[in-house]
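Asks: would you be able to build a 3D model of this:
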Amino acid sequence: MDIVIAAILSSLWLLAVLFFRLNRIWLPFYIIGSVGLAFLVIFIGRNSPIEPALQTAVAQGVHAITELINIPTDTFDAAPGALLVLVISQDVGWTMLQVTVESSGLLESGVVLGMLAFYPAWSYRRKFSYIVLALVLTYLANIIRLLVIVATLHYLGKDSLLISHTIIGRAVFFVGVILIYWFLLTRPTLSSVRKKLDDEMVAS
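Replies: Sure thing, here's the model as predicted:
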């Protein structure tokens, strides 16, 4: 039933996008297109091997870096996104972190994909290059977020898990995502508007 509803909503979304595109009504085209694509990407990701693959990639990425900085971690091949962290403070022992949809980067990747893919002022080549760069940067920002959580848990103990995950980790990731949006979307948009205004002033 969820698949049927998703197919109907996707068809309505596509018709709306085509209508606004053909009539060159750009604001509804961009809003409806980007939001709809974000939801579609997230829905497909959560109901396909994409999300487990992202969870595994994030867990393995964090594990590879922690080995370089001498923080003992391990992963479960049978459980995508499961990351073990050796806690050395307080009660010594392993603590398991589970990379869920919140930590996999799927939500943020869907949003940035929709925002960049439907930006009407860019060529397809520029959109593609920006999307690839945005997805890579989102993945790296998520790795940094989890590294902060792992390091805090490792050195300060299990009691720090709530603060490191809920406050510190989310703050780090939020700042990272805002910077990605700024450099790949907001700054180019402001530059284009400024250039257009300067050209109009010169022409007048």
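Asks: strands of this protein, start to end?
Replies: Applying DSSP state E to the chain gives strands spanning 73-75, 82-87, 93-98.
Asks: between the ones you listed, which gets the lowest average pLDDT?
Replies: With a mean of 65, strand 82-87 has the lowest mean pLDDT of those.
Asks: and residue 118, its phi and psi?
Replies: Here is the backbone geometry of residue 118 (degrees, to the nearest 10): phi -100, psi 10.
Asks: tell me the contacts of it?
Replies: Counting by Cβ atoms under 8 Å, 6 or more residues apart in numbering, residue 118 touches 17, 29, 30, 33, 34, 37. The C-beta positions use only the backbone N, C-alpha and C, and glycine is treated the same way.
Asks: list the contacts for the spatially closest residue to the fifth one that is not a sequence neighbour?
Replies: Looking back up the chat, that one is residue 34. Spatial nearest neighbour of residue 34, excluding adjacent residues (Cβ to Cβ, 6 or more residues apart in numbering): residue 114 at 3.8 Å. The contact partners of residue 114, by Cβ under 8 Å, 6+ apart, come to 33, 34, 35, 36, 37, 38, 41.
Asks: just residue 43 next, same as before
Replies: Residue 43 is in contact with residue 6, counting by Cβ under 8 Å, 6+ apart.
Asks: please repeat the previous calculation with a cut-off of 10 Å.
Replies: Residue 43 makes contact with 2, 3, 6, 9, 10, 110 under the criterion Cβ atoms under 10 Å, 6 or more residues apart in numbering.
Asks: confidence score at it?
Replies: Note on residue 43: pLDDT of 89.
Asks: so which of the contacts of residue 118 are in helices?
Replies: In this view, the contacts of residue 118 that belong to helices under DSSP state H are 17, 29, 30, 33, 34, 37.
Asks: please indicate which of those has the highest neighbour count?
Replies: residue 33 (24 neighbours; other Cβ atoms under 10 Å).
Asks: ok, now how distant is that one from residue 165?
Replies: Noted for residue 33: a distance of 34 Å to residue 165, by Cβ to Cβ, to the nearest Å.
Asks: how close does residue 130 get to residue 45?
Replies: Relative to residue 45, residue 130 is positioned 20 Å away (Cβ to Cβ).
Asks: same deal with residue 128?
Replies: Going from residue 128 to residue 45 by Cβ to Cβ gives 19 Å.
Asks: between those two, tell me which one has more neighbours.
Replies: Set residue 128 next to residue 45 and count neighbours by other Cβ under 10 Å: residue 45 wins out with 20 against 13.
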